[in-house]
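Peer 1: quick one: sequence plus predicted model below, questions after.
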Amino acid sequence: MKYKGAIGVLAGLLCAAGCGGKPPPAPAPPPEAKAPVAVSGVAALEEVRKFVELGPKEPGTPGAEKAARYLKERLEAAGVEAEIQEFKDQTPNGELVFRNVLGRIPGKGGKIVLFGSHYDTKTGIEGFEGANDSGSSTGLLLELARAFAAASPPETEIRFAFFDGEECRENYSPIDGFHGSRHLAKKMAADGSLSNLAAVILLDMVGDRDLTITIPRNSTPWLAALAFDAARAEGMRGRFQLYPGSIGDDHDAFYARGVPAIDLIDFYYGSAPGQNDYWHTPADSIDKVSAESLELVGRVAARMADGIARRIATAEK
């Protein structure tokens, strides 16, 4: 699934000092953040477990189609408008059918916050469950959908995108990998809705018991700052850090089009700190996934959505 890119550089903070005269007034304190929606790590883990039990979900197979229909049913059961976006795309193995699963919770305003996850599993790995990659983010996205649907109408419209075809078959290229996210970004650009996207928050590999969210450099800086603030509010700032380089993932299709986007991903998923040796191996099993990690990432993501809404409200004043 993802790949490491070249080391990037985030813009620094520019500090300016006055040159005499009356000092500028102190900035007004930010509005008090609303309590995030009630996210349950236990419920999210159960969603992961049930999703993993569906079996392999390699694009273009009956398993992938079964998974897409399952996700749509789970969204609808939570009271979320849902649809399957079916399309064809070229791959190294010829043309295949892909299916994005999309959910929508109307908001009070016209702007949109999009939460994303891929649900396909990597091909060609015998005994691969994909409990963390892609089960963890998919299960958590279902729990976030339930939590937002059960709460008061959000300030912004909330959308959920379960992307098909994130994993490459051979090597990432314009015809290999990220099929679902590229299709959705292109379609939203064509129908004009891309301009209403306030932010894309991608979740990926978020269930590791030894959680370290490694935000890649190809993420929008203010969203990274918002994630760190949200993690600090949860008392878990140390679990979130910047990755030393870029990571190719489903947020890129939107980031490349100028949409603020961030990838909340744990790319240190392994047998020792800083290692990633469980990734794309049979070791990626359900026993490695933690309800506590899922709940933390879910609460941070919910706080981020609230922070984005407050940022929009401030800009509109």
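Peer 2: Arrived safely. Note that this is a predicted model, so its numbers are computed, not measured. Residues are numbered from 1 along each chain as shown.

Peer 1: show the low-confidence segments of this protein, by residue range.
Peer 2: Scanning the chain with the threshold set as pLDDT under 70 gives 1-35.

Peer 1: center of it - which residue?
Peer 2: With distances taken as C-alpha atoms, centre = their mean, residue 202 lies nearest the centre of the chain, 1.7 Å away.

Peer 1: can you tell me, leaving aside adjacent residues, what's nearest to that one?
Peer 2: Excluding the flanking residues, the one nearest residue 202 by C-beta to C-beta, 6 or more residues apart in numbering is residue 251, at 4.1 Å. Quick note: C-beta positions are derived from backbone N, CA and C, even for glycine.

Peer 1: do the same with residue 130
Peer 2: Leaving aside its chain neighbours, residue 130 sits nearest to residue 121 (4.1 Å; criterion: C-beta to C-beta, 6+ apart).

Peer 1: how much space between the one you found and residue 214?
Peer 2: 21 Å (C-beta to C-beta, to the nearest Å).

Peer 1: who's more crowded, these two?
Peer 2: Higher neighbour count among residue 121 and residue 214: residue 121, with 29 against 21, using other C-beta atoms under 10 Å.

Peer 1: which helix or which strand is home to the more buried one?
Peer 2: Per DSSP states H and E: residue 121 is located in neither a helix nor a strand.

Peer 1: can I assume residue 145 sits in a helix?
Peer 2: Yes - assessed with DSSP: H, G, I helix; E, B strand; the rest coil, residue 145 lies in a helix.

Peer 1: can I assume it is in contact with residue 77?
Peer 2: No - Residue 145 is beyond contact range of residue 77, at 9.8 Å (criterion: C-beta atoms under 8 Å).

Peer 1: these two: which is more packed in?
Peer 2: Set residue 145 next to residue 77 and count neighbours by other C-beta under 10 Å: residue 145 wins out with 27 against 13.

Peer 1: tell me how far that one lies from residue 209.
Peer 2: Distance, residue 145 to residue 209, using C-beta to C-beta: 24 Å.

Peer 1: what do you get for residue 187?
Peer 2: 37 Å.

Peer 1: which other helices and strands does whatever helix or strand residue 63 lives in contact?
Peer 2: For residue 63, the host element (DSSP H and E) is helix 62-77. Packing partners of helix 62-77 (3 or more C-beta pairs under 8 Å, 6 or more residues apart in numbering; DSSP states H and E): helix 41-52, strand 81-91, strand 94-105, helix 137-150, strand 157-163.

Peer 1: could these go into a markdown table alongside distance to residue 266?
Peer 2: Output for the helices and strands packed on helix 62-77, formatted as a markdown table (distance: least, C-beta to C-beta, whole Å):
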| stretch | distance to residue 266 |
| --- | --- |
| helix 41-52 | 14 |
| strand 81-91 | 27 |
| strand 94-105 | 23 |
| helix 137-150 | 10 |
| strand 157-163 | 18 |
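
Peer 1: so which of the ones you listed is nearest residue 290?
Peer 2: The minimum distance between residue 290 and those falls on helix 41-52, with 7.5 Å, by C-beta to C-beta.

Peer 1: sounds good, over and out.
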